[in-house]
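Enquirer: build me a model:
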Amino acid sequence: MPETKPRDVQVYPIATGTTVLRSRSWTRLRFEIEYALAKGTTANSYIIKGDKIALIDPPGETFTEIFLEALQQRFDVKEIDYVILGHINPNRAATLKALLELAPQITFVCSNPGAKNLRGVLENPELSVMVMRGEETLDLGKGHDLEFIPTPNPRYPDLLCTYDPQTEILYTDKLFAAHICGDQVFDEGWEIFNEDRRYYFDCIIAPHARQVETALDKLSDLSVRMYATGHGALVRYSLIELTEFYRQWCQEQASQETSVALIYASAYGSTATLAQAIARGMTKAGVAVESINCEFAEPEEIRAAVEKASGFIIGSPTLGGHAPTPVQVALGIVLSTATNNKLAGVFGSFGWSGEAVDIIEGKLKDAGYRFGFDTIRVKFKPDDPTLQMCEEAGTDFAQALKKAKKVRTPSQSATTTEQAVGRVVGSLCILTAKQGDISSAMLASWVSQASFNPPGLTIAVAKDRAVESLTHSGSKFALNVLKEGNHIGLMKHFLKPFGPGQNRFDGVASEEGEHGSPVLNDALAYLECSVKNRMEVGDHWLVYATVDNGKVLDAKGITAVHHRKSGNHY
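Expert: Here you go, the predicted structure:
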C-alpha cells in the first residue's frame, strides 16, 4: 500500500508547560513488524517545561530528521536537561546520538534495566544517567515534580511510566497505546478506536497479562486525568473505560484453562519478535501464554510456569555457536521439571549458523518430548510471511493442546437447543484474502446479507482462523460462493489441515481480483468486499463488509448450502 501522506510531526500543547510531538507515518513501520495491521502509527514524544526541561520518549530512526527539525523550531535543544526513556531499543539509537551531539549536557532518565540497554545501544559507558527504581522523583520546577513507576514485562523489561502530579498526566509508553495514524490528538469519539486498541493488546500486551495486571495495580493509586501514550491518540475521554478493558482482557487471559510457558532470550530483538508472533497465534486460539524472558527471570519463576503449563516453547538466538547462558539454564530447568507428556516447541533466529536451535531441539527429542510444530529457524530479521508462519504455528500448538484436553473429556451429545441452532443454514463460500506477501483463505458458511444500501454482508470468523488477521477494519477480501454439485473438491481442499505458512492456493485455479485477493475460477459467483467494522461475539468475530463489486460466473448454477445437525460445531 503506497503511503498516502508524507511523514510529518504534529505539535500540540496538551497541558500547562506540556507539549506533544506526534511523529506520524500513515504506513506501518518496520520496527513494528510483529504488528500485522497497516494503519500507520504515531511515535508520541513529550516536552515538559518547568525551570528545567525534560523530553520524554524521542522517536526511532525513521523519524529522527523530521523530529529534530520540529523540535528545534519550537524549543532550544541546548536547554533540554533530561531525556526520559520509557523503554530503550536499538531503533532509538540514531535519534539519541543526534540529540547528544546537539545537547551534550543531557542526562538520561530510565529504569535500571534501561540503563544497561542504553549504554549498550549508544556504546558509551560515560553517559550521564539517572536510574529510577520507583522511589526517586525528578523536580523540574513550577510544580512539575515527576514520579516514576517501573512496569516491566518480559517483552519490555525496562518499561518505565512517568507521572506528573502537576498536570495529572501519566506517560505510559507501551501501555494503553494503539498503532493508528490520524489527525486526532485525543480520543474523542473513542469507540472508533476500540478495535485497534483491542488488537494492540492482543498482539503486544496479552502474552504479559500477569505483569500488566501488576502494573495496573501500581498505577491505580495515582490521580490521573490523561494517559500520554507512546503511540496513537492520547487517552482522555475513555480513561476509565480503557483501564477497565485492560483489566478485563488481562483476566480473560488468566482464566483460560490451558496455558503455555513461552521461554526465550533475544540478542538483537529478532527472537523476541518471533516469540510475539507465536504468542499471538496461541492467544487468539484461546490459550493463555506465560511469556518469560529468561535473561531477567528467576529460576523459580521459570520452574513454576513450566509446572503449571500444559506445554512449553523455547526460543533462542545463537551466539558463538551456542545458546546464551540464560537459555541453557532455562533448558536445564525445563528438562528437570516438565514431564515428557507436555507438548514442546523450539524456535530461534540467527545470523550465520543457528546451532542453538538445533541443540535445544536435539535435547528435547532425546528426552522424548512431542513437538507441537516443526522447529522454526529464521536467518536475520523475520519478514511478513515468516511472522504469518509463526502465528499459524502458535495457533496449531494451541489447537493441539485443546484437542488433547477434549480427548480426555467425555463427549456429550448435542442438546435440543443446539440441535435447533444447527438447523440455521448458510451458503457455502470460500473467503480469500491477500495483503502484501501474506495470503490466506477459509471455508465459510456463516454468511448473511446485512444491508441493501450500501450492499453489505456479515461473516462470522472464528478467532483461531489464520485468515482472521486479514479481516480487520480497512481490510479487503473476496467471498467466493460455491456451486451445488461442484463444491466438494473445493471444500475438501480448504478443509484439509495446512502447515504454518503453507500456500492455501496451490493446485487451485484462481485469478487475482481487483482488490488483489484470489478469485476462484470454479466458484458460482464472487464478491469483492471492504471490511467496515467487526464485533466480538464469543469465540468468533462478526465481520461487516460492504460489497464493492462482484460477478456471477455461472448464471444457471445453484448456491451450495451447508446443512448441520448440531449448533455446537461446524
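
Enquirer: okay, now the domains of this structure?
Expert: As given by automatic domain parsing, the domain ranges for the chain are 8-252, 256-407, 417-562.

Enquirer: any chance of these in JSON lines, with distance to residue 570 too?
Expert: Any C-beta I mention is one placed from the backbone N, CA and C, and that applies to glycine too. Listed next are the domains of the chain as JSON lines, based on distance: least, Cβ to Cβ, whole Å:
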{"stretch": "domain 8-252", "distance to residue 570": "23"}
{"stretch": "domain 256-407", "distance to residue 570": "14"}
{"stretch": "domain 417-562", "distance to residue 570": "7"}
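
Enquirer: out of these, flag the one nearest residue 568.
Expert: domain 417-562 (4.6 Å; Cβ to Cβ).

Enquirer: that older thread, mind putting the domains of the chain into a markdown table with mean pLDDT and mean neighbour count?
Expert: As requested, the domains of the chain are exported to a markdown table (pLDDT from 0 to 100; neighbours: other Cβ atoms under 10 Å):
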| stretch | mean pLDDT | mean neighbour count |
| --- | --- | --- |
| domain 8-252 | 93 | 19 |
| domain 256-407 | 93 | 20 |
| domain 417-562 | 93 | 18 |
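
Enquirer: now do the helices in the stretch 51-200 of the chain.
Expert: 64-74, 93-102, 112-122, 194-200 (DSSP state H, counting those that start in this stretch).

Enquirer: which among those is found nearest to residue 149?
Expert: The minimum distance between residue 149 and these falls on helix 112-122, with 13.3 Å, by Cβ to Cβ.

Enquirer: send the alpha carbons of that closest one over as CSV?
Expert: Coordinates of each C-alpha in helix 112-122 appear next as CSV, following Å, rounded to 0.1, in the frame of the first residue of the first chain:
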residue,chain,number,x,y,z
ASN,A,112,17.9,0.1,35.9
PRO,A,113,17.5,-2.5,33.0
GLY,A,114,17.0,0.5,30.7
ALA,A,115,20.4,2.0,31.8
LYS,A,116,22.2,-1.2,30.9
ASN,A,117,20.5,-1.3,27.5
LEU,A,118,21.1,2.4,26.9
ARG,A,119,24.9,2.2,27.4
GLY,A,120,25.0,-0.8,25.1
VAL,A,121,22.9,0.8,22.4
LEU,A,122,24.9,4.1,22.5
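
Enquirer: please name every helix or strand in contact with it.
Expert: helix 93-102, strand 107-110, strand 129-131 (3 or more Cβ pairs under 8 Å, 6 or more residues apart in numbering; DSSP states H and E).

Enquirer: with distance to residue 415 added, can I get those in a markdown table?
Expert: Formatted as a markdown table, those follow (distance: least, Cβ to Cβ, whole Å):
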| stretch | distance to residue 415 |
| --- | --- |
| helix 93-102 | 60 |
| strand 107-110 | 57 |
| strand 129-131 | 60 |
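
Enquirer: of those, which is nearest residue 492?
Expert: For the helices and strands packed on helix 112-122, the distance to residue 492 is smallest for helix 93-102, at 52.1 Å, taking Cβ to Cβ.

Enquirer: out of the helices and strands packed on helix 112-122, which gets nearest to residue 19?
Expert: helix 93-102 (16.5 Å).

Enquirer: give me the element residue 300 is part of.
Expert: Using DSSP states H and E, residue 300 sits in helix 299-308.

Enquirer: which secondary structure elements does the helix or strand following that helix contact?
Expert: Using DSSP H and E, the helix or strand that follows helix 299-308 in sequence is strand 311-315. Under the contact criterion of 3+ Cβ pairs under 8 Å, 6+ apart, the helices and strands touching strand 311-315 comprise strand 259-264, helix 270-284, helix 325-337, strand 343-350, helix 384-407.

Enquirer: just want the angle from the third one to strand 311-315.
Expert: What it means is helix 325-337. With axes from the mean of the first three to the mean of the last three Cα atoms, to 10 degrees applied, the angle from helix 325-337 to strand 311-315 works out at 160 degrees.
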